[in-house]
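*Asks:* dropping the sequence and predicted coords here.
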Amino acid sequence: MRTIPLLCFAILAGCSNQQPQTAREMEKVINKYLDVMMFDSVSYGNGTVSFADFRKQYEFISVVFLQEGCAPCYPKFVEWHRKMESVSHPENYTTLFIINAGSYKHFTDGSVGYEQIDERYYHVIDPGNRFLRNNSNIPRWIIDRTLLIDRENKIKLIGAPYSTEDMTKVFHLITGTKE
């Protein structure tokens with residue numbers, strides 16, 4: 001199983017033409033624990049579910065960190081909804097948007113001029129920025145890239161599964177998805 005994280009790292013480092021220091025930082029983060037357990041519940045559409053029940057349901061979660069007032073954040077939110085439609089994934093996978101905002105409405109109010117989307121993924125509002133504080137051992141630029149975690153909240157992939165063909169292949173390999 002050790003070969004999958006190393007393969008992921010090799011693809012990430014090779015595809016992105018990272019500087020050696022950046023590649024080293026990415027390598028250090030693979031298999032590191034990502035703290036997402038500080039939340040009581042997550043929202044999906046108009047409903048909520050306890051975080052514990054949500055976590056039991058999914059073996060793999062892409063964690064996407066967004067912020068209110070961040071110019072590229074709402075377009076990234078829309079892009080995830082559009083592009084993940086084209087990536088096959090197992091039933092035990094989902095995406096969780098962790099949004100640093102006063103409320104979900106505050107975040108989506110910044111979407112003026114952007115297409116509206118049918119929300120298919122979970123989100124949690126983090127007005128106190130607990131997620132970043134609890135994960136201060138992970139470089140912020142890595143958190144901003146999106147992190148795929150496993151059932152034990154260990155980071156398995158850095159970046160969006162749809163970003164490149166190679167990333168999609170690694171995502172499928174990690175999650176056991178048939179292409």
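*Replies:* Nice, I can see it.

*Asks:* switch to C-alpha atoms for all contacts and neighbour counts from now on
*Replies:* OK.

*Asks:* so where's this protein shaky on pLDDT?
*Replies:* The chain contains residues with pLDDT under 70 at 1-19, 110-118, 179.

*Asks:* centroid-nearest residue for it?
*Replies:* Among the residues of the chain, the one closest to the centroid is residue 63, at 2.4 Å (CA atoms, centre = their mean).

*Asks:* next up, phi/psi of that one, please.
*Replies:* phi -100, psi 120 (degrees, to the nearest 10).

*Asks:* just list the residues touching it, thanks.
*Replies:* Residue 63 makes contacts with 95, 96, 97, 98, 146, 147, 148, 149, as judged by CA atoms under 8 Å, 6 or more residues apart in numbering.

*Asks:* for it, list each beta-bridge partner.
*Replies:* Assessed by DSSP bridges, residue 63 has beta-bridge partners residue 96, residue 147.

*Asks:* re the thing from before, dump the contacts of residue 63 to CSV, plus neighbour count and distance to residue 58.
*Replies:* Shown next, in CSV, are the contacts of residue 63 (neighbours: other CA atoms under 10 Å; distance: CA to CA, whole Å):
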residue, neighbour count, distance to residue 58
95, 21, 10
96, 20, 11
97, 21, 14
98, 23, 16
146, 21, 17
147, 26, 15
148, 27, 12
149, 24, 10
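
*Asks:* of the residues you listed, closest to residue 127?
*Replies:* residue 98 (10.0 Å; CA to CA).

*Asks:* could you check how far the residue nearest to the centre of the chain is from residue 167?
*Replies:* Distance of residue 63 to residue 167, given as CA to CA, to the nearest Å: 16 Å.

*Asks:* kindly report the same for residue 36.
*Replies:* Computed as CA to CA, the residue 36 to residue 167 distance reads 23 Å.

*Asks:* over to residue 107?
*Replies:* Per CA to CA, residue 107 is found 28 Å from residue 167.

*Asks:* do residue 53 as well
*Replies:* Distance from residue 53 to residue 167, by CA to CA: 29 Å.

*Asks:* between those two, which one's more packed in?
*Replies:* residue 167 (20 against 11; other CA atoms under 10 Å).
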